[in-house]
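A.B. asks: my questions are about this predicted structure, shown below with the sequence.
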Amino acid sequence: PARRPAGPAFIEFDGIYQDGEVWLNGHSLGRRPYGYIPVRYEMTPHLCPDGRENILAVRADNSKQPNSRWYSGSGIYRNVRIVFTDSVAIDQWGVFIATPEISEKSASVSIKIRVRNATKRKRAVVLRTELVDPKGRKVATVSTSKILPADSTVEIAQNAAVPDPELWSDVEKPPLYKAVSHILSGGRLTDDLSTTFGIRSFTFDPDSGLFLNGKRTLLRGVCNHHDLGCLGSAVNRRGLERQLELLQKMGCNAIRTSHNPPAPELLDLCDRMGFLVMDEIFDMWKKAKNPHDYHLYFDEWHRRDLEDWIRRDRNHPSVIMWSIGNEILEQWDPSGTAIAQELAATVRSLDPTRPVTSGCNDPHPSNFIIRSGALDLIGINYHLPEVLNFKKTYPGKPCIASETTSSLATRGSYDMPSDSVRIWPLRWDQPFTEGNADLTCSAYDNCHVPWGSTHEDALRAVQQNPHVSGLFIWTGFDYLGEPTPYPWPARSSYFGIIDLAGFPKDAYYLYQSEWTDEPVLHLFPHWNWLKNDSIDVWAYTNAEEVELSLNGRPLGARRKSGDQMHLEWRVSFEPGTLKAVGRRGGKILTRELRTAGTPHRIELDADRQMLIADGTDLSFITVRILDQEGTLVPRADNLLRFKVEGEGRIAGVDNGNPVSMEPFRADYRKAFNGMCLIVVQSGENPGLIKLTAESEGLEKSELKLRSEKI
């Protein structure tokens, strides 16, 4: 039951996948086909009188398949809100804040606010906006009086100045401001709204790439789909935060929302954590990539979807470019010119402060999207030679490597580079029959798809060419669906720098050594082989020199030179300890690999031991199979069983194996290459959470977590 409010009542969905339609008490409130777009419906006319029950019904029709190239999820997979407002209130996504002029002493702030008058008479209003700095201090106030006609929505423009501005940038905790807006009408407060924003400037230069707040900044980015591995596509703030934490530790500073509008929680986190975002909306326009994808709805819905997307996301300081498409098939059709121009014009009408781009996998000047002139920033997917020659082909235009690499790897699996050539499918649409019998790909960065490259080749190309603003690697994480290069029973991709469970593959440390100032020395592969096997030993490091030894016997020192990004030795295997010692700035870095014995015990390692008792918070617990000496057993595949007691439950289990057929919602999981993952979710009551892990023949392990109210 709901009391009928004095003003309008709305229901908001951040996403229904897909073709969602909503009814209230038998009355259709509306339909929205695109599963990634947010939508608001007004409920006011159809609410029952006092005391009577209201029935809200939602239908998602995801029956027409295939409609996506990756795992979409299904149903109400993002958050829902019921919103009650006064009849005079700020419209949905009605605030637009920009900072057109910035100096050390002052920043001008442009504020545009759409105010809705839902009454049948004109109303006099006062709009008062207060600007609050990152420390919570009020730094500016501006008031504007306006007459709103009956049943109208009016945009009110305001301007203010912030003294001594703190600039938002790609640091771990950038400063954020708030604009707190109040609507007063008839002597009373009718609405207030707090909008978070950042003060920052950026430009894309054709010769020198991106400048953020006047400082050249390389976009060190990854492309990510929206699923959270074993948690599926249902949005979870902590799940998203954990992904960003792992990427940030790697040195990543940018995210491409491939290839659709993200959940708003992701952009909130990017604002707070200092990630730069390529915000993307479409994977196709009128030409289909799948029989039942968005091309069926483009003509009727694209403009409204585009406008709602821009209005929702344009206050996020993390968003620095709008992408109107990914590998759009109209690149090769004259219709692409007019469509690109229309989409770009719509974007600029709502936000003239950010460049428009598109991920083009045909960078030739004959590309109808590029030749349209609609793109401020030309995005090139793959085609590294064309990226490097971009200045000659497109003088005066800035560019970005909007999608690169597509290197393939299975965590913990190795085909020696000295013994094998790179392997890849001949065509993207043909089954891969020339790979490994166990459906693995080598983690040495010696396996990639034909249109892609190794991690090192792409990274080297971008770092050595300052006209390229940066790169977005395909992908940060393995993702559900679109298994490549193997068909079923593979059920996820192999592209990720981090696997489906959130465990870093070896390439993670390549980026960490190139993109961070933290001391890095990562030695691989594991040290369990057959006697006298010839093993390629690699090290990703930023040390000045690394010396390798086996069982105390020196094997030589190596230094990186030129554009080299890893060190390598060819070593004849013998059991024992492989030790690397590096030197960086006078400090000693040490890494050891030991030959493991048989599985003996289970180690549980939680990323967080204190949870919020809100029913949604998560702890991601890494499970390792160790021998008696505490060494990871690199090929262990023991079946583990889990039990959670107290104020929590199992949210999911995984092991990062792309061909595992075990369920994600279960109380058991086999280890894969010595590891697996269990995700524990808090309940709504505070208290103790106890996790027990057992496996036949191993010592069991227990871990205690706590959840608390905040």
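C.D. replies: Good, I have the coordinates.
A.B. asks: which helix or strand contains residue 82?
C.D. replies: Here residue 82 sits within strand 80-84, counting by DSSP states H and E.
A.B. asks: give the next helix or strand downstream of that strand.
C.D. replies: Counting by DSSP H and E, what follows strand 80-84 is strand 88-102.
A.B. asks: what helices or strands is that following strand leaning on?
C.D. replies: strand 106-117, strand 177-185, strand 188-197, helix 298-313 (3 or more C-beta pairs under 8 Å, 6 or more residues apart in numbering; DSSP states H and E). All C-beta spots, glycine's among them, are computed from the backbone N, C-alpha and C.
A.B. asks: mind putting these into TSV with distance to residue 230?
C.D. replies: Shown next, in TSV, are these (distance: least, C-beta to C-beta, whole Å):
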stretch	distance to residue 230
strand 106-117	41
strand 177-185	36
strand 188-197	31
helix 298-313	28
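A.B. asks: mind putting the ones you listed in a markdown table, mean pLDDT and mean neighbour count included?
C.D. replies: Formatted as a markdown table, those follow (pLDDT from 0 to 100; neighbours: other C-beta atoms under 10 Å):
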| stretch | mean pLDDT | mean neighbour count |
| --- | --- | --- |
| strand 106-117 | 98 | 20 |
| strand 177-185 | 98 | 20 |
| strand 188-197 | 97 | 16 |
| helix 298-313 | 98 | 18 |
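A.B. asks: any idea which of these gets closest to residue 354?
C.D. replies: Nearest to residue 354, of all the helices and strands packed on strand 88-102, is helix 298-313, at 9.4 Å by C-beta to C-beta.
A.B. asks: now do the closest one: distance to the chain's middle.
C.D. replies: How far helix 298-313 lies from its chain's middle: 21 Å, per C-alpha atoms, centre = their mean, to the nearest Å.
A.B. asks: same thing with stretch 501-519?
C.D. replies: For stretch 501-519, the distance to the chain centre is 17 Å (C-alpha atoms, centre = their mean).
A.B. asks: now the end-to-end length of that stretch.
C.D. replies: One end of stretch 501-519 sits 25 Å from the other (C-alpha to C-alpha, to the nearest Å).
A.B. asks: now do that stretch, average pLDDT.
C.D. replies: When pLDDT is averaged over stretch 501-519, the result is 97.
A.B. asks: coming back round to it: who are the packing partners of the strand holding residue 82?
C.D. replies: Counting by 3+ C-beta pairs under 8 Å, 6+ apart, strand 80-84 packs on strand 9-13.
A.B. asks: can you pull the buried residues of the strand it packs on?
C.D. replies: Using 16 or more other C-beta atoms under 10 Å as the test for burial, strand 9-13 gives 9, 10, 11, 13.
A.B. asks: save those as CSV, and put in pLDDT and distance to residue 230 too.
C.D. replies: As requested, those are exported to CSV (pLDDT from 0 to 100; distance: C-beta to C-beta, whole Å):
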residue, pLDDT, distance to residue 230
9, 95, 37
10, 97, 34
11, 98, 30
13, 98, 24
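A.B. asks: could you report the neighbour count for residue 381?
C.D. replies: For residue 381, the neighbour count with other C-beta atoms under 10 Å is 23.
A.B. asks: let me fix that: residue 66
C.D. replies: 12.
A.B. asks: where exactly do the strands run in the stretch 501-650 of the chain?
C.D. replies: 521-524, 534-541, 545-550, 553-558, 567-572, 577-584, 587-594, 601-606, 610-612, 618-626, 639-646, 648-654 (DSSP state E, counting those that start in this stretch).
A.B. asks: what's the end-to-end length of stretch 386-395?
C.D. replies: Termini of stretch 386-395 sit 13 Å apart (C-alpha to C-alpha).
A.B. asks: could you do stretch 562-571 as well?
C.D. replies: 24 Å.
A.B. asks: residues making contact with that stretch?
C.D. replies: 418, 456, 459-460, 464, 510, 513-514, 534-541, 546, 548, 550, 555-556, 558-560, 578 (C-beta atoms under 8 Å, 6 or more residues apart in numbering).
A.B. asks: mind listing what's buried in stretch 551-562?
C.D. replies: Quick answer for stretch 551-562 (16+ other C-beta under 10 Å): 555, 558, 560.
A.B. asks: what's the spacing between residue 297 and residue 336?
C.D. replies: 18 Å (C-beta to C-beta, to the nearest Å).
A.B. asks: the more surrounded of those two?
C.D. replies: Higher neighbour count among residue 297 and residue 336: residue 336, with 25 against 15, using other C-beta under 10 Å.
A.B. asks: compare the strands of the stretch 501-650 of the chain and give me the one nearest residue 47.
C.D. replies: strand 610-612 (33.2 Å).
A.B. asks: return the member of the buried residues of stretch 551-562 nearest to residue 445.
C.D. replies: Within the buried residues of stretch 551-562, the smallest distance to residue 445 is 15.3 Å, found for residue 560 (C-beta to C-beta).
A.B. asks: quick one on the thing from earlier: pull the strand holding residue 82 out as CSV, backbone CA atoms only.
C.D. replies: The C-alpha coordinates for strand 80-84 follow below in CSV (Å, rounded to 0.1, in the frame of the first residue of the first chain):
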residue,chain,number,x,y,z
VAL,A,80,15.5,0.4,-8.9
ARG,A,81,14.2,3.4,-7.0
ILE,A,82,10.8,4.9,-6.2
VAL,A,83,11.0,8.7,-6.2
PHE,A,84,8.5,11.1,-4.7
